[in-house]
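Q: Make a model of this:
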Amino acid sequence: MGSAATAASEPESGATPASTSSGVLEEQAAHFWHAVSAGADERQALLARHFSPGLRERNGDADLLETLAMLSEALASELGALPAPNVIQGEQGPTGELQYTLPTGRRLSLTLAVIGTDSPRIDRFALRPLPPQVASVGQEQLPAVIRDRVKVESEAGRFSGAVLVARGDDVIYADAVGLADRQSGRANTLDTPINLGSINKMFTGIAIAQLQAAGKLDWQDTVGLHLPDFPNATIRDHVTIHQLLTHTSGVGDYWNAAHAARRHELDTQQEFLETFVDQPLRFEPGKGLEYSNGGPVILGLIIEAVSGSDYYRYIRDHIYRPAGMVHADHYRSDDVAAGFALGYLKTDTGTWQDNSAELSLRGSAAGGGYASARDLFAFSRALAAGRLLTRAQLDVLWTPHQQTGPMAYGYLSSIGGTPERRWVGHNGGAPGISAEFIHYPDDDLVIIVLANQDHAAEGMREWLHAQVEASLFETSQP
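A: Next comes the predicted model:
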């Protein structure tokens, strides 16, 4: 569930390679990180000063600026403390790799291609996560190792939320840290509902599979077969359920001006639909791949039409309750009795601000529901026991359809690992929201990280993922 940013098309023809000495690479890397961490007003000038005309022409300034802004948001808490890199010389041409180990233990690889001698400029770049470096420990030591890591991250202000690791019914580690409400001092617990972000897409995929198993729909059905009055004719007549489940429909997002204007009144799938249904498709259905939040909303409407039940009620009755997820729901943001954790994001002044202004009144079929760490543990046990779908039906959801870097994507589920040690799951992220769920169906293992602050779950999950695999799998080999 890592991410990569790249602008790596062919370099300018006729360009003079720069020296690939460590000094040149480190200097250009410093310019790159300056552009990432700069404010939006300064970033355009830095793009013109330190990035080659060829790179800008190939990728477009708008896309490059968006990529840099996304990196700035994802790494905001760590950009101010970047350590000196380990520089790995490129063997061909003006290319080199710089590896960074961040204060959290996260590791990054930045590959740069530099052109020009008098005024070197970045002509290509690629940024990707590297596996954390961990030492395997015995299973009996693993809980203490995880506890120490969670404590360090919490005390450094980099993590607030809950962590749970279990194998089968045996919980290896489970604890919550930080505050669910910083104003009142209410603490996070393992039963505190925390916003899942896009992890809810998994539940939407399972609901569609349940209806397919009941013979009420099929994967290749068009939207119009179940929503004959759907207001966008192209989507109605040409987009299939399969395409909506795999992000290949061309349907975009609802994060737009219409959503922002109505954010605090959005309470149904139909209301979410109205914010984006008139937008043109990003590409011809089935001819591209782009992560979509609009697609699951349409699936939510199909669930309502086919089941005769409100989407939220269907998920509650057919997933949460059968799985024993007692604290899970799509709570409204004004439900003060729900006891959910408030999400927090850091302001430009370094203070923490809750994310209530950023939230819709209620989440959608694409994300924004809540569950506790114990709820997601119960969900993993329900998957293992076949209480929601049979294993054969789940394997349909977990069949790779699209490859996105080191991971594949099935039916609203991410798929990673190796054929011998596969994991499935999803992550979630938005202002003040950060969540990770990994389920190993063949090893009966689950890793759950829920955070109620910006970008706090991914680094913890990356480290846990490496530490747990090294300790449980490598040490158990004959």
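
Q: right, and the helix or strand after the worst-scoring helix or strand of the chain on mean pLDDT?
A: Using mean pLDDT, DSSP states H and E, the weakest-scoring helix or strand in the chain turns out to be strand 5-7, at a mean of 56. Note on strand 5-7: by DSSP states H and E, the next helix or strand toward the C-terminus is helix 22-37.

Q: tell me the average confidence for that following helix?
A: Mean pLDDT, computed over helix 22-37, is 86.

Q: Then stretch 131-143?
A: Across stretch 131-143, pLDDT averages out at 90.

Q: Strands along the stretch 51-200 of the chain, start to end?
A: Ranges of strands in the stretch 51-200 of the chain, per DSSP state E, counting those that start in this stretch, are 86-89, 95-101, 107-115, 121-130, 161-167, 170-177, 179-181, 186-187, 194-195.

Q: List the buried residues of the fourth one.
A: Same thing as strand 121-130. Of all the residues in strand 121-130, those buried under the rule 16 or more other CB atoms under 10 Å are 121-129. C-betas here are computed from N, CA, C, even on glycine.

Q: which one of those sits closest to Leu361?
A: The closest of these to Leu361 turns out to be Pro129 (CB to CB; 34.5 Å).

Q: how much space between the closest one and Glu458?
A: Going from Pro129 to Glu458 by CB to CB, to the nearest Å gives 9 Å.

Q: Ramachandran coordinates for Val396?
A: phi -70, psi -40 (degrees, to the nearest 10).

Q: Tell me which residues touch it, please.
A: Going by CB atoms under 8 Å, 6 or more residues apart in numbering, Val396 touches 209, 411.

Q: and this structure, what are its domains?
A: Taking automatic domain parsing as the criterion, the chain consists of the domains 5-130, 137-478.

Q: Lowest average pLDDT across these?
A: Here the lowest mean pLDDT among the domains of the chain goes to domain 5-130, at a mean of 77.

Q: Ala126 and Thr111 touch, don't they?
A: Yes: the pair Ala126 / Thr111 is scored as a contact, 4.5 Å apart, by CB atoms under 8 Å.

Q: now Leu342, what's its secondary structure?
A: Following DSSP: H, G, I helix; E, B strand; the rest coil, Leu342 is assigned to coil.

Q: In this structure it contacts Asp181, no?
A: Yes: contact status for Leu342 versus Asp181: in contact at 5.4 Å, counting by CB under 8 Å.

Q: For those two, work out which one has more neighbours and name it.
A: Leu342 (23 against 17; other CB atoms under 10 Å).

Q: where does the more buried one sit relative to Ala371, distance-wise?
A: Using CB to CB, Leu342 is found at 16 Å from Ala371.

Q: and if you look at Thr101?
A: Computed as CB to CB, the Thr101 to Ala371 distance reads 33 Å.

Q: These two: which has the busier surroundings?
A: More crowded of Thr101 and Ala371, by other CB under 10 Å: Ala371, with 30 against 17.

Q: show me what contacts the more buried one?
A: For Ala371, the contact set (CB under 8 Å, 6+ apart) comprises 193-194, 196, 199, 325, 327-328, 379, 450.

Q: One more: Asp334?
A: Residues near Asp334 by CB under 8 Å, 6+ apart: Leu361.

Q: my guess is it is in a strand, correct?
A: No: read with three-state DSSP, Asp334 is coil and lies in no strand.

Q: Distance-wise, check it relative to Pro419.
A: Here Asp334 is placed at a distance of 47 Å from Pro419 (CB to CB).

Q: what do you get for Ala126?
A: Distance of Ala126 to Pro419, computed by CB to CB: 26 Å.

Q: what's the answer for Gly294, then?
A: Relative to Pro419, Gly294 is positioned 33 Å away (CB to CB).

Q: between those two, who's got more neighbours?
A: Gly294 (27 against 6).

Q: Could you find the closest non-adjacent residue to that one?
A: Distance criterion CB to CB, 6 or more residues apart in numbering; nearest residue to Gly294, sequence neighbours excluded, is Val251 at 4.4 Å.

Q: ok, how many other residues are close to that neighbour?
A: Neighbours around Val251, by other CB under 10 Å: 29.

Q: Helices of the stretch 151-300 of the chain, start to end?
A: In the stretch 151-300 of the chain, the helices defined using DSSP state H, counting those that start in this stretch lie at 200-213, 223-226, 233-238, 241-245, 257-262, 269-274, 294-307.
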